[in-house]
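[1] Structure of the sequence below:
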Amino acid sequence: MNSILLGYDGGVMSGAGIFIQDDLKLSDVQLEVLMGIMNLYSLVGAAVAGRTSDWVGRRYTIVIAAVFFFVGAILMGLAPNYAFLMVGRFVAGVGMGYALMIAPVYTAELSPASYRGFLTSFPEVFINTGVLLGYVSNYALSNLRLSLGWRVMLGIGAIPSVLLALGILVMPESPRWLVMQGRLGEAKRVLYKTSDSREEAELRLADIKEAAGIPPECNDEIVQVTRRSHGEGVWRELFLHPTPTVRHILLAGVGIHFFQQASGVDAAVLYSPKIFERAGIESKSHKLLATIAVGFSKTIFILISTFLLDRVGRRPLLLSSVAGMIVSLATLATCLTIIDQTNKNLRWAVGLSIASVLSFVGSFSSGLGPIAWVYSSEIFPLRLRAQGTSMGVAMNRVMSGVVTMTFLSLEKAITIGGAFFLYMGIAIVSWLFFYTLFPETQGRTLEEMQVLFGTFFRWRTTMRELEKNKRVNGDGEGKDNSKSDGGSQVQFLGVNKS
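    All right, here's what the predicted structure looks like:
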């Protein structure tokens, strides 16, 4: 429900923007600011979500996000003018920041390793479902009176906010957060319910206890935790005195969010009616109908990737996804440039442009879309996880805001074809970045995988040594790993030669 709200706003604004611009007589600059500013507003929520989640827990942080969403939707639905609408966007944007930061963290900390990719990618599944619902809402409500239609489209978002707040209260709290609060008994009961076996639950609990500084032999219901994670010293550890491991993790966790949005996917989602218009579709209803196809493409491909994440792995899906995006962007940019340079009605170019948009968003949803959230939420050590993930969310929202708030201006400056050629170039750089710096994390525990980071471009050597070490030990536990301070620095010590 949390993710449906996020997706619904993106989908509904793509069509509602057309009616808002006509009703409130907005310029293109005002429109693109309205479309993208919510992403920058979300930085407020993302900035405080990490500490909030450490204070009150993951569940109640999601409730806070739902309250912001509800108030924001009501304000937007009742907005009499542009300024009031911007206030509603601000309130909803704060909720977006909270939700984007905490949802993947909560899911990763609750999930067993065997299903972590599947479950952590679920927010992206429901974001795409929300986008599709937004597109359908645009088409279904497009015949209402101009001043009423877009307000109903935006105000409907208040309903799922209530369901989200009520639903999350029946969910269990994160076992990792419970341990950090000294509530060992509660954490153990949650792990028994959410692990594949009792043995796995005990192993997960042992990892979390070690990260929290609790002695392995301690099994009390309530324990005193001396090293508590309320954000003290975390930012210093992330930026002022990071270990090589933390630097590598930070580069990967923030970098994947930068490239996820810099490749222009939100431009395709939010401005798909305008893209189709430039491709040659003139009817308003036909443009809105074509956007529904975009929503279907995103939803179908995200469902496929969800079932492949824990079978195929992160790297193969990520690299093939970005490769598909590069081809799709090249085709779309070429077709739009040809259409822009001729006065003829080139049906093949129009059809290929539409197919390229569908292929672009489908390729994105098959890998880069969900993996950005899965990867960034699972690689940060426990002590740094909330704040580290919030940094990724902040980068994600900044780049989304930059892309959506500049697309119309970029189109006028370098043509719409030139804009997509630019996004293609960024996607090529992202493929090289992922290929060289991203180790595979499939099936590893959240604490164990830290051994893969810290060697940057030489992670493949570390991976081979780790696998060799496991074979020598024969227990699959990687015994030659050392962890310190909640897993913030885990270094591979080499192979046991005995």
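[2] so Ser174 makes contact with Ala108?
    No: counting by CB atoms under 8 Å, Ser174 stays clear of Ala108, with 9.1 Å between them. Heads up, the C-betas are built off the backbone N, CA and C, glycines and all.
[3] All the strands of the stretch 351-498 of the chain, residue numbers only.
    Applying DSSP state E, counting those that start in this stretch to the stretch 351-498 of the chain gives strands spanning 481-484, 489-492.
[4] Please point out the stretch among those with the lowest average pLDDT.
    Of all those, the minimum mean pLDDT falls on strand 489-492 (a mean of 36).
[5] show me what contacts Gly11?
    Applying CB atoms under 8 Å, 6 or more residues apart in numbering, we find Gly11 in contact with 130-135, 137-138, 269, 291, 295.
[6] how about the helices in the stretch 1-150 of the chain?
    2-24, 28-56, 58-77, 82-110, 116-120, 122-141, 146-155 (DSSP state H, counting those that start in this stretch).
[7] Compare those helices and say which comes out lowest on pLDDT.
    helix 116-120 (a mean of 66).
[8] Find the centremost residue of the chain, please.
    Trp373 (4.2 Å; CA atoms, centre = their mean).
[9] just checking, that one touches Val105?
    No: using CB under 8 Å, Trp373 is not in contact with Val105; the gap is 9.6 Å.
[10] Read off the pLDDT value for Ala355.
    pLDDT, Ala355: 95.
[11] What is the burial count for it?
    Neighbourhood size, Ala355 [other CB atoms under 10 Å]: 16.
[12] Over to Arg59?
    18.
[13] ditto for Leu85
    22.
[14] dump the residue contacts of it.
    Counted by CB under 8 Å, 6+ apart, Leu85 has contacts 20, 24, 34, 76, 79.
[15] So Pro216, which state does it fall into?
    coil (DSSP: H, G, I helix; E, B strand; the rest coil).
[16] Where does the prediction get shaky in the stretch 301-450 of the chain?
    443-449 (pLDDT under 70).
[17] Can you show me the helices along the stretch 151-300 of the chain?
    Going by DSSP H, counting those that start in this stretch, the stretch 151-300 of the chain shows helices at 158-168, 175-180, 184-194, 198-212, 234-235, 244-262, 265-270, 272-279, 284-312.
[18] Which one of those helices lies nearest to Ser363?
    The closest of these to Ser363 is helix 284-312. By CB to CB, the value is 7.4 Å.
[19] angle of the closest one against helix 2-24?
    Angle, helix 284-312 to helix 2-24, by axes from the mean of the first three to the mean of the last three CA atoms, to 10 degrees: 160 degrees.
[20] returning to that earlier point: next, format the helices of the stretch 151-300 of the chain as TSV and append distance to Gln30 and mean neighbour count.
    Shown next, in TSV, are the helices of the stretch 151-300 of the chain (distance: least, CB to CB, whole Å; neighbours: other CB atoms under 10 Å):
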stretch	distance to Gln30	mean neighbour count
helix 158-168	25	17
helix 175-180	42	26
helix 184-194	47	19
helix 198-212	48	19
helix 234-235	36	17
helix 244-262	22	21
helix 265-270	15	26
helix 272-279	15	22
helix 284-312	20	20
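[21] Mind checking those helices for the one nearest to Val393?
    helix 244-262 (7.1 Å).
[22] Put the alpha carbons of the closest one into CSV.
    Coordinates of each C-alpha in helix 244-262 appear next as CSV, following Å, rounded to 0.1, in the frame of the first residue of the first chain:
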residue,chain,number,x,y,z
PRO,A,244,37.5,1.0,2.7
THR,A,245,34.5,-1.3,3.2
VAL,A,246,32.2,1.5,4.1
ARG,A,247,33.5,3.7,1.2
HIS,A,248,32.8,0.9,-1.3
ILE,A,249,29.3,0.3,0.1
LEU,A,250,28.5,4.0,0.1
LEU,A,251,29.6,4.4,-3.5
ALA,A,252,27.6,1.4,-4.6
GLY,A,253,24.5,2.2,-2.5
VAL,A,254,24.3,5.8,-3.5
GLY,A,255,25.6,5.3,-7.1
ILE,A,256,22.9,2.8,-8.1
HIS,A,257,20.2,5.3,-7.1
PHE,A,258,22.0,8.1,-9.0
PHE,A,259,22.0,6.1,-12.2
GLN,A,260,18.5,4.7,-11.7
GLN,A,261,17.0,8.2,-12.0
ALA,A,262,19.6,9.9,-14.2
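[23] Can you list the helices and strands that it packs against?
    Contacts defined by 3 or more CB pairs under 8 Å, 6 or more residues apart in numbering; DSSP states H and E place helix 244-262 against helix 368-379, helix 382-437, strand 489-492.
[24] Ok, which of these comes nearest Ile275?
    Here helix 382-437 is closest among the helices and strands packed on helix 244-262 (CB to CB), at 7.1 Å.
[25] Now for Leu332, how many residues are close by?
    29.
[26] Could you do Glu440 as well?
    Glu440 has 16 nearby residues by other CB under 10 Å.
[27] For the residue nearest to Arg460 when sequence neighbours are not counted, give me its contacts.
    Among residues not flanking Arg460 along the chain, Pro439 sits closest, at 7.7 Å (CB to CB, 6 or more residues apart in numbering). Pro439 sits next to 315, 452-453, 459-460, 462-463 when contact means CB under 8 Å, 6+ apart.
[28] cool, and Leu238?
    246, 250, 384, 387-388, 391.
[29] didn't Gly401 look like it was pressed against Met35?
    No: at 9.5 Å, Gly401 does not count as touching Met35 under the criterion of CB under 8 Å.
[30] contacts for stretch 130-139?
    Against stretch 130-139 from outside (CB under 8 Å, 6+ apart): 3-16, 153, 156, 269, 285, 288-289, 291-292, 294-296, 298-299.
[31] Swap in 7 Å and give it another go.
    Here stretch 130-139 makes contact (CB atoms under 7 Å, 6 or more residues apart in numbering) with 3-8, 10-12, 14-16, 153, 156, 269, 288-289, 291-292, 294-296, 298-299.
[32] next one: stretch 399-418
    In contact with stretch 399-418 (CB under 7 Å, 6+ apart) are residues 28-29, 31-33, 35-37, 39-40, 258, 261-262, 264, 266-267, 270-271, 278, 333, 336-337, 340, 419.
[33] hmm, try it at 6 Å
    The contact list for stretch 399-418 (CB atoms under 6 Å, 6 or more residues apart in numbering) reads 28, 32-33, 35-36, 39-40, 258, 261-262, 264, 266-267, 270-271, 278, 333, 336-337, 340, 419.
[34] Please apply the same query to stretch 96-105.
    2, 42, 45-46, 49, 53, 58, 61-62, 64-65, 120, 123, 373, 377, 389-390, 393.
[35] again, only this time at 8 Å
    By CB under 8 Å, 6+ apart, stretch 96-105 touches 2-3, 5-6, 9, 38-39, 41-50, 52-53, 58, 61-62, 64-65, 68-69, 120, 123, 174, 373-374, 376-377, 385-386, 389-390, 393, 396-397.
[36] same question, stretch 258-270
    So stretch 258-270 is contacted by 10-11, 13-14, 17, 35-36, 39, 131, 275, 294, 298, 322, 325, 329, 357, 360-361, 364, 368-369, 372, 395-396, 399-400, 402-404, 407, 419-420, 422-423, 426-427, 429-430, 433-434 (CB under 8 Å, 6+ apart).
[37] Pull out the buried members of the residues you listed.
    Neighbour-count burial (16 or more other CB atoms under 10 Å) applied to the contacts of stretch 258-270 gives 10-11, 13-14, 17, 35-36, 39, 131, 275, 294, 298, 322, 325, 329, 357, 360-361, 364, 368-369, 372, 395-396, 399-400, 402-404, 407, 419-420, 422-423, 426-427, 430, 433-434.
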